[in-house]
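Asks: Predicted coordinates and the sequence they were generated for:
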Amino acid sequence: MEKKKQSKVKEWKNCIDYCCWLIGYVCTIWWLLSFLYQFLPATLTGFEVVDSPGLRMKNEGVKALHPVVLVPGIVTAGLELWEGRPCADGLFRKKLWGATFSQILQRPLCWLEHLSLHNETGLDPPGIRIRAVPELVAADDFASGYHIWAALIENLARIGYEGKNLHMASYDWRLSFQNTEIRDQALSRLKSKIELMFITNGYKKVVVVPQSMGAIYFLHFLKWVETPPPMGGGGGPGWCEKHIKAIMNISPAFLGVPKAVSNIFSAEGSDAALVRAVTSGILNFDYLGLQTVEHVLRVCRTWDSIISLMPKGGETIWGDLDSGPNEWSKCDQVKRGHVKHIVSNNTYNCGDMQKCIYVKEPTKYGGINSFGKAVSQLLASLLSTLDSEAEEISSKCNSTSFNLSCDDVRTEHNEICRGSMAKKKASTGRTDLDLLNFVAPNMMKRAEAHFSHGIAENLDDPKYAHYKYWSNPLETKLPDAPNMEIYCLYAVEIPTKRSHVHKISPSDKYKHIPFQMNDSSNVEKGSKLQNDVSLVDGDERMNVVSSGFMCAKGWRRRTRFNPSGMATYIREYQQKQRGSVLEGRSLESGARANNILQSIALIEDVLRVASGATGVTIGGDRIFSDIRMISERINLRL
């Protein structure tokens, strides 16, 4: 008996030793390769180091001229601790967001508690103060080795930029936009900084470069700065015309992000859904009492800024259940000018085989969220015939195993009536707000005081003077600044999430998250529904409708949204794969939303405008997508 025990112990020791040696070998080989890479000659055939755009343009005589202000987007800027609970001792002025995230593993519940905001006010909870990290270090490198603004900052420095003419307008991205002013005076400090840079740089106008949510944050600022106090900054009419040369919006979220609805609804994106399917026993495991996804959902629902990313414009912009303006009805991701034709079996084809996705029937994208794959693909006229799935979910709602009360629904801190939600079957841009009012009433109550997602009938109505409308380009006017330019810069030809399919959670253990994204990975050949997420053209995070429509149509020339007729330009960047494994950071790639900030073509555009060029001199519009055709389908009164 003792020999058997000793034998088992020996086997376990051998197994552990083997694993340790294997890990050691892998780490050693990786370190050795990294070390040798540093000594590779720059002229090695196939691995030539491309000159940075900043260095190349410096050699061409391009120099810093206009001051530049960078505005980060949601979750991409650091947050540091100024006051906290006893569990956060030793973390004063340490990054709780944007560092190595080691605090997640060391004290997860404490970390989540400090990142939460007050569930009623949307401001600091008692005894906790988390503030934005100031200046360039806030978002140049996010976490360890995850580069965001670093490449653009480095290239700006190549042509002469430094602290006196380059500024990062960091802010607490968790807050609603007006609350960043109420709590931190972030908008006032941004106004003062722009005025100071304008004066100290020879009265040169400022070039502002917002990214993602930062674009609608700065849109809010444009209205705030000219509005009289106490609601606004008191700059008066003409402030923007005097101080701002151009706004170069990178992957702007002007019309919202459909996946924001799903994130609030189930705290999952499609990536999380796939991981959850593979590692269901891990993500739902109570690690130190932390029910992972459930706690993350509660924290996110205290961040009012997420509501700013809700789709704007309702069915006018995003379509109804029958169709959407950005349907890919023929050949998806096709370069302009390539031959397209329809073959006899109704399968759409095109000349570029590598850029084409075959679609048996045109996919309908009107439903942003639905329950069951079949529901998501049905026309509105056929939805009434699909009752089996809803009835099944409804019966579970009434089951004693769930112990739910459909008359008393408190979804942020209690259970949700799953059957009632399932009976909605699908939602569009118009019904998403109703759906979220059901799912997250506390969050939506706060949000309605700070954001609006409709389309203005009459922009001269006095109600639109309220700050809740300022971040919605469909409910506010651009400032009277005819000499100011607006750019929409974004990547294209990358499959981007458009709509999501949800299913009922298989267990009643996590009643706060009764639904989750469907984790099916069985994708029919040619289907646009991959892992139950419908895909359209975009830059992986932002689709072309949200990023490009306002520059393509809403603000193009003189409209009611752009009364002064300031110039707007679209600059699209095609995805480009790496030429080699070791090509490094200076890529054309826009394969991820944040990587577009490392795109050579984008960096060149920003540097040229900052050095004095205009939209006309850099070539005007640069369009590869169908944004013009999509914009024509959207029937918006201009």
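Replies: That came in fine, so what should we check first?
Asks: what kind of secondary structure is Tyr573 in?
Replies: strand (DSSP: H, G, I helix; E, B strand; the rest coil).
Asks: burial of it, as a residue count?
Replies: Neighbourhood size, Tyr573 [other C-beta atoms under 10 Å]: 22. (Each C-beta comes from the backbone N, C-alpha and C, glycine too.)
Asks: Over to Ile29?
Replies: Ile29 has 10 neighbours, counted by other C-beta under 10 Å.
Asks: The helix or strand it falls within: what's the following helix or strand?
Replies: Assessed by DSSP states H and E, Ile29 sits inside helix 2-37. Note on helix 2-37: by DSSP H and E, the next helix or strand toward the C-terminus is helix 53-59.
Asks: now for that following helix, which elements pack on it?
Replies: helix 150-158, helix 600-610 (3 or more C-beta pairs under 8 Å, 6 or more residues apart in numbering; DSSP states H and E).
Asks: buried set for stretch 65-85?
Replies: For stretch 65-85, a neighbour-count test (16 or more other C-beta atoms under 10 Å) marks 65-81, 84 as buried.
Asks: Ok, stretch 110-126 next?
Replies: Neighbour counts using 16+ other C-beta under 10 Å place 110-117, 119, 122, 124-125 of stretch 110-126 among the buried residues.
Asks: Return the subset of those residues lying in helices.
Replies: Taking DSSP state H, the ones among these that sit in helices are 110-115.
Asks: Any stretches of this protein with poor pLDDT?
Replies: Within the chain, the ranges that satisfy pLDDT under 70 run 1-13, 16-17, 37-50, 100-105, 143-146, 261-293, 320-435, 499-534, 575-594.
Asks: 80 instead?
Replies: Across the chain, the ranges flagged by pLDDT under 80 are 1-25, 27, 30-31, 33-51, 99-106, 141-147, 258-297, 319-440, 495-541, 575-595.
Asks: what about the nearest residue to Asp184 once chain neighbours are set aside, distance to Glu181?
Replies: The shortest distance from Asp184 to any non-neighbouring residue, by C-beta to C-beta, 6 or more residues apart in numbering, is to Asp172 (6.4 Å). Using C-beta to C-beta, to the nearest Å, Asp172 is found at 11 Å from Glu181.
Asks: And Pro479, by the same measure?
Replies: The gap separating Pro479 from Glu181 is 18 Å, by C-beta to C-beta.
Asks: again with Ile74
Replies: 17 Å.
Asks: cool, Ala449 as well?
Replies: Using C-beta to C-beta, we find Ala449 at a distance of 14 Å from Glu181.
Asks: Secondary structure of Tyr490: a strand, I assume?
Replies: Yes - counting by three-state DSSP, Tyr490 falls inside a strand.
Asks: looking at the sheet around it, what are its partners?
Replies: Counting by DSSP bridges, Tyr490 is bridged to Glu572.
Asks: List the residues that contact it.
Replies: Tyr490 makes contacts with 250-252, 538-539, 542, 544, 547-548, 572-573, 590, 596, as judged by C-beta atoms under 8 Å, 6 or more residues apart in numbering.
Asks: Tabulate these (TSV), appending distance to Ser564 and secondary structure.
Replies: Shown next, in TSV, are the contacts of Tyr490 (distance: C-beta to C-beta, whole Å; DSSP: H, G, I helix; E, B strand; the rest coil):
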residue	distance to Ser564	secondary structure
Ile250	23	strand
Ser251	25	coil
Pro252	20	coil
Gly538	29	strand
Asp539	29	strand
Met542	26	coil
Val544	26	helix
Ser547	22	helix
Gly548	21	helix
Glu572	25	strand
Tyr573	28	strand
Gly590	31	coil
Ile596	29	helix
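Asks: With respect to Thr559, which of those residues is nearest?
Replies: Thr559 lies nearest to Gly548 out of these, by C-beta to C-beta, at 15.4 Å.
Asks: re earlier: does the residue nearest to Asp184 sit in a helix, a strand or a coil?
Replies: coil.
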